[in-house]
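Engineer: Attaching a predicted model along with its sequence, questions to come.
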Amino acid sequence: MKKSLIYALSAALLTTSCIDSLEDYNIDPKRATVGTAPGATFVANAERNLVRTINSANVNLNPFRFYVQYWAATDYPQESRYDINTRDINGGYWNALYRDVLRDLREAKTNIAADKLLTEPVKANQIACAEVLEIYTWAVLVETFGDVPYTQALNINSALPVYDSQAAIYADLITRLDAVIGQLKPGAGLGDYDLINGGDMALWLKFANSLKLRMALTIADVDDAKARTMVASTVGKVLASNDDIVDLAFDATFPNTNPLYEDLVRSGRNDFVGTSLFVDQLRTKEDPRLDDYFNPADSPAAGAPDFVGGEYGASNPYDEYSPAGDKLRQQTLPGVVMSYAQVEFMLAEAVARGYIAGTVTEHYNAGITASILEWGGTQAEATAYLAQPSVAYATAPGADYREKIGNQKWIALYNQPTEAYKEWRRLDTPRLTKPATANSEIPLRLPYPVAEQNVNTANYNAASSAIGGDVVTTKLFWDKR
């Protein structure tokens, strides 16, 4: 993976040129153009940027570990109090997905289609892989902001694009996903340029079906019938073990290291500790992931346990509380797009909703076990953990499956903050409380970037009105509870 990461990203920056006139100088020499770079290199760059964006802990980009209260701040608690605009967090997230992911995927499709060196089956598979990634990225944008530019987005002839209805976008993405699932075929695809699935087309098909399962459950509270049909069509076609995790293994040398390493180690900063809410739950349940998720506090207060969480929304002395664990500090820690544990929790919910056959407990146990094994635990540890009345599905606290599954899913999604944030809003679990010093209620969405307000004003105003106000308390179309 190390060689393919460096090779693919380097190739994406290469161009060939022949200067015939002065007009040729009016070109960005670092910008690959149609036909000058293999389209697969753009996919590789998009994969890297996508994984970095959804997994980052950088407070200028991804605040979601704060929002779901995994982490508390040390010296600078503003972002944990929902100060979004000072650092333009919403603009950073928006730009990363539009400019650094979707734009590259559009370039990839164009270059792949024009590449005369590719056979038609390989070309079709490469375009299909890019399409799956594009659908995933659009889904994340809609789930984060609501209405967004879609039909006119990324079009030089539509510099001020209109915003499309979030429900309409999601419906179109589902249609596109159904189509691309039928286009993914055995054989060659992206090859060494594929940084998340290693060119494995069978895994791409599982990923696409797992994405369909994910999107089905996202709309389940607004369109039960459609969700039921979608889920049924994915049975036996989704991620089936920890060997199927869709992730990107980062390199040990900067700038291709895991972004967590950059934020937790390379920066030389000590900005984050676990929250008391999260650490206490892991400790009281004797969760075997505790010492993987966190390190013991360097100098806990007298009488405090070794693993202790700080106060969410406040400033916390770093030495007195548990910081992120050593595993999160590794340069090569994979950045996860979709985990097998995540899929098993989705299957547990699908059974609970009556969408598919089976038992909730079976998939619930499989999700917890997969997460523990993913973090280096043992089967024996998973069995002991599941034997606790506070963990076993039949006796775990919670009024219904949303709370029982949702709480364990929250624990398992610790290193998938973007997904954890979406699932917390959807399942309303765990019950989180805003800090007393918060700027607002806990955000249910990110507001639109200031640049959109200032430049794309008319379309911004229309979108803001359509969704019920460009504020963090506006619920998105799928969030009905």
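Structural biologist: It's in.

Engineer: element containing the residue lying closest to residue 131 once chain neighbours are set aside?
Structural biologist: Spatial nearest neighbour of residue 131, chain neighbours left out: residue 180 (4.6 Å); criterion: CB to CB, 6 or more residues apart in numbering. C-beta here means a position set from N, CA and C on the backbone, and glycine is covered the same way. Using DSSP states H and E, residue 180 falls within helix 166-181.

Engineer: How about residue 273?
Structural biologist: Secondary structure from DSSP H and E places residue 273 in strand 272-274.

Engineer: list the helices and strands that strand packs on?
Structural biologist: Where contact means 3 or more CB pairs under 8 Å, 6 or more residues apart in numbering; DSSP states H and E, strand 272-274 is packed against strand 71-73.

Engineer: what lines up beside the strand it packs on in the sheet?
Structural biologist: strand 272-274 (antiparallel) (DSSP bridges).

Engineer: got the contact list for stretch 436-453?
Structural biologist: 67, 77, 81-85, 88-91, 93-95, 144-146, 313-314, 425, 432, 434, 459-460, 463-464, 470-476, 479 (CB atoms under 8 Å, 6 or more residues apart in numbering).

Engineer: Please tell me I have it right and the residue nearest to residue 131 contacts residue 133.
Structural biologist: No. Counting by CB atoms under 8 Å, residue 180 does not reach residue 133; the two are 10.2 Å apart.

Engineer: Helices along the stretch 151-300 of the chain, start to end?
Structural biologist: Applying DSSP state H, counting those that start in this stretch to the stretch 151-300 of the chain gives helices spanning 166-181, 201-218, 224-232, 259-261, 276-284, 290-293.

Engineer: Kindly write the PyMOL command that selects the buried subset of the contacts of stretch 436-453.
Structural biologist: Buried subset of the contacts of stretch 436-453, written as a PyMOL selection, criterion 16 or more other CB atoms under 10 Å:
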select buried, resi 67+77+81+82+83+84+88+89+90+91+93+94+95+144+145+146+313+425+434+459+460+463+464+470+472+474+476+479
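
Engineer: What residues sit buried inside the helix holding residue 180?
Structural biologist: 166-167, 169-170, 172-174, 177, 180-181.

Engineer: Between helix 201-218 and it, find me the angle.
Structural biologist: 150 degrees (axes from the mean of the first three to the mean of the last three CA atoms, to 10 degrees).

Engineer: now the residue nearest to residue 131: how far from residue 153?
Structural biologist: Distance of residue 180 to residue 153, computed by CB to CB, to the nearest Å: 19 Å.

Engineer: got it, and residue 38?
Structural biologist: Separation of residue 38 from residue 153 (CB to CB): 24 Å.

Engineer: and residue 285, how many neighbours does it have?
Structural biologist: Number of residues near residue 285 (other CB atoms under 10 Å) recorded here: 16.

Engineer: can you tell me which residues contact it?
Structural biologist: Counted by CB under 8 Å, 6+ apart, residue 285 has contacts 385, 388, 390-391.

Engineer: now do residue 186
Structural biologist: Going by CB under 8 Å, 6+ apart, residue 186 touches 201-202.

Engineer: Likewise for the one 10 residues further on?
Structural biologist: With contacts defined as CB under 8 Å, 6+ apart, the neighbours of residue 196 are 47, 51, 246-248, 337.

Engineer: quick one on the thing from earlier: which one of the helices of the stretch 151-300 of the chain lies closest to residue 110?
Structural biologist: For the helices of the stretch 151-300 of the chain, the distance to residue 110 is smallest for helix 166-181, at 16.9 Å, taking CB to CB.

Engineer: ok, residue 101 to residue 135 distance?
Structural biologist: Residue 101 is 12 Å from residue 135, by CB to CB.
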